[in-house]
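S.K.: All I have is the shape, not the residue letters:
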């Protein structure tokens, strides 16, 4: 293979792995938490990240060790129908606990937005492999803009870059990345706005 053919793939892999959903979640929650509530917000962000990113990552890695799926991005659509409901249950549990313990409104709204985004994603995944990468990224940017100001929308160009990486690696079609981005932005944005 020539450098010309391997270089885009190398960069696509770096983008895909660098801004995978768990990393986006673990970055955005503390930004919203600190930006809105200071150190208290950071503590709640860590709690939410445990259920939205850390526990799902543990579940995915455990499945990889068992051979249930091949990689941490769970490339097979049918396997995602196992992983996504588990993540939804984990996120829902954190939401219930946060509401019960009266966590700050924007933090519970962030968790509600994450759960709401997963609902159409799991439904679509029954027959089509929609991109979770672009859904999480676009939803995160919209929630940041609502919580902390419209300047955060300047991060939106990152979403097509993430979509490009998924297409180059042949994990998704262009349409699947676009639909993921739209579903994430609309569902997470509307839910976060309504729940805060």
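M.R.: Arrived safely. On a predicted model such as this, the values are computed, not experimentally measured, just so you know.
S.K.: residues near the closest residue in space to residue 190 that isn't next to it in sequence, how many?
M.R.: Excluding the flanking residues, the one nearest residue 190 by Cβ to Cβ, 6 or more residues apart in numbering is residue 116, at 7.9 Å. Placement of C-beta: from N, CA and C, glycine included. Residues within reach of residue 116, counting by other Cβ atoms under 10 Å, total 21.
S.K.: Over to residue 79?
M.R.: 16.
S.K.: Run the chain-centre distance for the top helix by length along the chain.
M.R.: Counting by DSSP state H, the longest helix found in the chain is helix 77-100. A distance of 12 Å separates the centroid of the chain from that of helix 77-100, by Cα atoms, centre = their mean, to the nearest Å.
S.K.: Now name the helix or strand holding the residue most central in space within the chain.
M.R.: Nearest residue to the geometric centre of the chain (Cα atoms, centre = their mean): residue 136, 3.1 Å. Using DSSP states H and E, residue 136 falls within helix 132-148.
S.K.: which parts of the helix or strand following that helix are buried?
M.R.: Next helix or strand after helix 132-148 toward the C-terminus (DSSP H and E): helix 158-168. The neighbour-count check on helix 158-168 (16 or more other Cβ atoms under 10 Å) flags 158, 159, 160, 162, 163, 164, 165, 166, 167, 168 as buried.
S.K.: Can you tell me, leaving aside adjacent residues, what's nearest to the last one?
M.R.: Just to be clear, that refers to residue 168. residue 12 (3.8 Å).
S.K.: Equivalent analysis for the first one, please.
M.R.: Setting aside the residues directly before and after it, residue 158 is nearest to residue 137 in space (Cβ to Cβ, 6+ apart), at 6.4 Å.
S.K.: Helix, strand, or coil at residue 102?
M.R.: Here residue 102 is recorded as coil under DSSP: H, G, I helix; E, B strand; the rest coil.
S.K.: actually residue 71, sorry about that
M.R.: coil.
S.K.: Could you double-check that residue 11 sits in contact with residue 162?
M.R.: No: using Cβ atoms under 8 Å, residue 11 is not in contact with residue 162, being 11.9 Å away.
S.K.: got the buried residues for the lowest-mean-pLDDT helix or strand in the chain?
M.R.: For the chain, using mean pLDDT, DSSP states H and E, the weakest element among its helices and strands is helix 3-18, scoring a mean of 83. Within helix 3-18, the residues scored as buried using 16+ other Cβ under 10 Å are 12, 15, 16.
S.K.: So which residues make contact with it?
M.R.: 73, 133, 161, 162, 164, 165, 166, 168, 169, 171 (Cβ atoms under 8 Å, 6 or more residues apart in numbering).
S.K.: Sweet, I'm off.
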